[in-house]
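1. need a 3D model of the sequence below.
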Amino acid sequence: MAKAPRPGKVKTRLQPPLTAAEAAALNVCFLRDTTENIASVAAEGRAAGLISYTPVGDEAAFDGLLPEGFALVAQRGDGFGERLHLAATDILRCGFGAVCLIDSDSPTVPGSALREAVEGLRRPGDRVVLGGSADGGYYLIGLKAAHRAPFADITWSTPSVYDETVRQVKTAGLELVELPTWYDVDEAVTLTALEDELLEGRRPGFVSVDGYHARHTRRFLEERREGALRAAEDSQPELA
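-> Alright, predicted model coming up:
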């Protein structure tokens, strides 16, 4: 699930500490890393990669960003829950046996979590797979049928999204498979956590496995840190 990476339209909660241009560049890195992670799972022959994008008409913004074989599917609907539900509906109508909707804000989600989702959905019987985020949302939801219940009556963009979704799934009588908790990067605190993970090798306290290496994001953060150090050095007064 992705927005076209246009300055001023993506990662607005990271402005500051980032400029609009930096936020858009970071979003591009997130897209590249997330799709490469998905592509590594798809290469095993049990999945395919798609981008469910918005807005319609901005398809060119994804040129050169996606691994070979990724297709674009336009988002439709009003409101986040409806867009998620219709994305699942449209993708399943393409003939897939299941669908995982994955956010583009979590570039270091372990490939093992994606594989666990695929395996959970390959087993016989209907179920929902859910990967929770530390902020109370989720980074992945997987379905074998386009059920409306997981997207209905959810208070979106709040810390209760995951719990409300779990409740809706259970009320609908659906089996639930829960994935390891991870985190979204959408404001300054989580950007710092990402820097700690990728640049310092420090995992967030709530995870127990190493995350995806996210090489594009890592390079962006390294170059940003190097630029900040050079700027600090240039600002030092010269000694007489």
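
2. what distance separates the start and the end of stretch 202-221?
-> Stretch 202-221 has an end-to-end distance of 15 Å (C-alpha to C-alpha, to the nearest Å).

3. quick one: stretch 50-66 to chain centroid distance?
-> Here stretch 50-66 shows a centroid-to-chain-centroid distance of 15 Å under the convention C-alpha atoms, centre = their mean, to the nearest Å.

4. now stretch 159-170
-> With C-alpha atoms, centre = their mean, you get 18 Å for stretch 159-170.

5. let's see it as PDB, backbone CA atoms only.
-> This file holds the C-alpha atoms of stretch 159-170, laid out as PDB (Å, rounded to 0.1, in the frame of the first residue of the first chain):
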ATOM      1  CA  PRO A 159      -3.300   3.200  19.200                       C
ATOM      2  CA  SER A 160      -6.400   0.900  19.300                       C
ATOM      3  CA  VAL A 161      -6.400  -0.200  15.600                       C
ATOM      4  CA  TYR A 162      -4.700  -3.500  16.300                       C
ATOM      5  CA  ASP A 163      -6.900  -4.400  19.200                       C
ATOM      6  CA  GLU A 164     -10.100  -3.400  17.400                       C
ATOM      7  CA  THR A 165      -9.100  -5.400  14.400                       C
ATOM      8  CA  VAL A 166      -8.400  -8.500  16.500                       C
ATOM      9  CA  ARG A 167     -11.900  -8.100  18.100                       C
ATOM     10  CA  GLN A 168     -13.600  -7.700  14.700                       C
ATOM     11  CA  VAL A 169     -11.800 -10.800  13.300                       C
ATOM     12  CA  LYS A 170     -12.800 -12.900  16.400                       C
END
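
6. buried residues of it, list them for me.
-> Residues of stretch 159-170 classed as buried: 161-162, 164-166, 168-169 (neighbour count, 16 or more other C-beta atoms under 10 Å). The way it works is simple: take the backbone N, C-alpha and C, and place the C-beta from them, glycine included.

7. where in the protein is pLDDT low?
-> Along the chain, segments meeting pLDDT under 70 span 236-240.

8. for it, which helix is longest?
-> The residue-count maximum for a helix in the chain (DSSP state H) belongs to helix 20-41.

9. which of the residues in that one are classified as buried?
-> Across helix 20-41, burial judged by 16+ other C-beta under 10 Å covers 20, 22-39, 41.

10. about what we covered before: okay, the buried residues of stretch 159-170 in JSON lines with secondary structure and distance to Glu175 next?
-> As requested, those are exported to JSON lines (DSSP: H, G, I helix; E, B strand; the rest coil; distance: C-beta to C-beta, whole Å):
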{"residue": "Val161", "secondary structure": "helix", "distance to Glu175": "20"}
{"residue": "Tyr162", "secondary structure": "helix", "distance to Glu175": "17"}
{"residue": "Glu164", "secondary structure": "helix", "distance to Glu175": "18"}
{"residue": "Thr165", "secondary structure": "helix", "distance to Glu175": "14"}
{"residue": "Val166", "secondary structure": "helix", "distance to Glu175": "12"}
{"residue": "Gln168", "secondary structure": "helix", "distance to Glu175": "13"}
{"residue": "Val169", "secondary structure": "helix", "distance to Glu175": "8"}
